[in-house]
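1. what follows is a predicted protein model with its sequence.
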Amino acid sequence: SMRQVHRAGEKLFIDYAGPTVALMAHGQEVGRANIFVAAMGVSGYCFAYATPAQTARDWLGATAQALTFYGGVPQLIVPDNPRALVTKADRYEPLLTDSVQDFARHYGCSVLPARAYHPKDKAKVELSVLLVERWILACLRHQSFASVQAVNAAIAPLLTRLNNKLFQKLPGSRASAFAQIDAPALSPLPTQPWEWASFKTVRVHIDSHIEFEGHRYSVPHALVGLALELRITAHAVEVLHR
């Protein structure tokens, strides 16, 4: 197959590792921590982060942590086709959920899932997943963790060691290659931190109010009868028209 050529700071590839980490309480397993992995296109600079599950909130929250870790934003974020992020898979124009599009707007980048059943489209992160399994998860397999936060605390020093490992056939390491090539090409992070947003369509009642979770919010009377969109975050409910 044709070799992929990556440009500096252009793409960030993201995926989840197959193996999970057991969470224990009183000697019994109470859950599993899922391991999110990200890799920069040119340097392969790797990021790993444990989440409670693989919901849309987990995917986007972990990606936001990855962008903070890298200290900048690439032009393109490339996941596979998880149902949590993609409402309609398509080879050329996959349809993303409203929450993913809101995430991309916040960071000023694009999200373009790889083609289904084409793992070579995201070979960088496939390799990084393998490295995380070999150099991080293998080191954690005999340890016991009570929470996802404890898993992340154990991952951090191992991740630093992985990124500082020297390349076998090239000079330097992933960390040095990132600092020289990818980091200068990244866009700056937005000043406001990202927060999870969900969306819902509602219709304006005859009394010019909309209803959400038992609460009623007034809107301009001219919108009576129209379908509006709610953007719901932890701190606000926004009513959007067109």
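-> Yep, it's here.
2. what sits closest to Leu162 if chain neighbours are left out?
-> Trp135 (4.8 Å; CB to CB, 6 or more residues apart in numbering). Every residue, glycine included, has its C-beta placed from N, CA and C.
3. count the neighbours of that neighbour for me.
-> 16 (other CB atoms under 10 Å).
4. same check, this time on Glu211
-> Neighbours around Glu211, by other CB under 10 Å: 12.
5. give me the sheet partners of the helix or strand harbouring it and which way each runs.
-> Using DSSP states H and E, Glu211 falls within strand 209-212. Neighbouring strands of strand 209-212 in its sheet, by DSSP bridges, are strand 215-218 (antiparallel).
6. show me how far the strand it pairs with is from its chain's centre.
-> Relative to its chain's centre, strand 215-218 lies at 33 Å (CA atoms, centre = their mean, to the nearest Å).
7. what about it, average pLDDT?
-> Strand 215-218 shows a mean pLDDT of 92.
8. what does that strand contact?
-> Residues from elsewhere that reach strand 215-218 (CB atoms under 8 Å, 6 or more residues apart in numbering): Ser208, His209, Ile210, Glu211, Val237, Val239.
9. bridged to the fourth one, which residues?
-> On DSSP bridges, the residues paired with Glu211 through beta bridges are Arg216.
10. pLDDT score for Ser173?
-> Taking Ser173 on its own, its pLDDT is 88.
11. surely it touches Asn164?
-> Yes. Using CB atoms under 8 Å, Ser173 is in contact with Asn164, at 5.2 Å.
12. those two: who's more crowded?
-> Ranked by neighbour count (other CB under 10 Å), Ser173 and Asn164 place Ser173 first, with 18 against 12.
13. and the more buried one, how far from Ser43?
-> Separation of Ser173 from Ser43 (CB to CB, to the nearest Å) stands at 9 Å.
14. Pro52 now?
-> 29 Å.
15. for the protein, longest helix please?
-> helix 148-164 (DSSP state H).
16. what helices or strands is it leaning on?
-> strand 11-25, strand 28-40, strand 46-51, helix 138-140, helix 174-177 (3 or more CB pairs under 8 Å, 6 or more residues apart in numbering; DSSP states H and E).
17. let's have these in CSV, adding mean neighbour count and distance to Ala197.
-> CSV is the format used below for these (neighbours: other CB atoms under 10 Å; distance: least, CB to CB, whole Å):
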stretch, mean neighbour count, distance to Ala197
strand 11-25, 19, 19
strand 28-40, 20, 20
strand 46-51, 25, 18
helix 138-140, 15, 33
helix 174-177, 18, 32
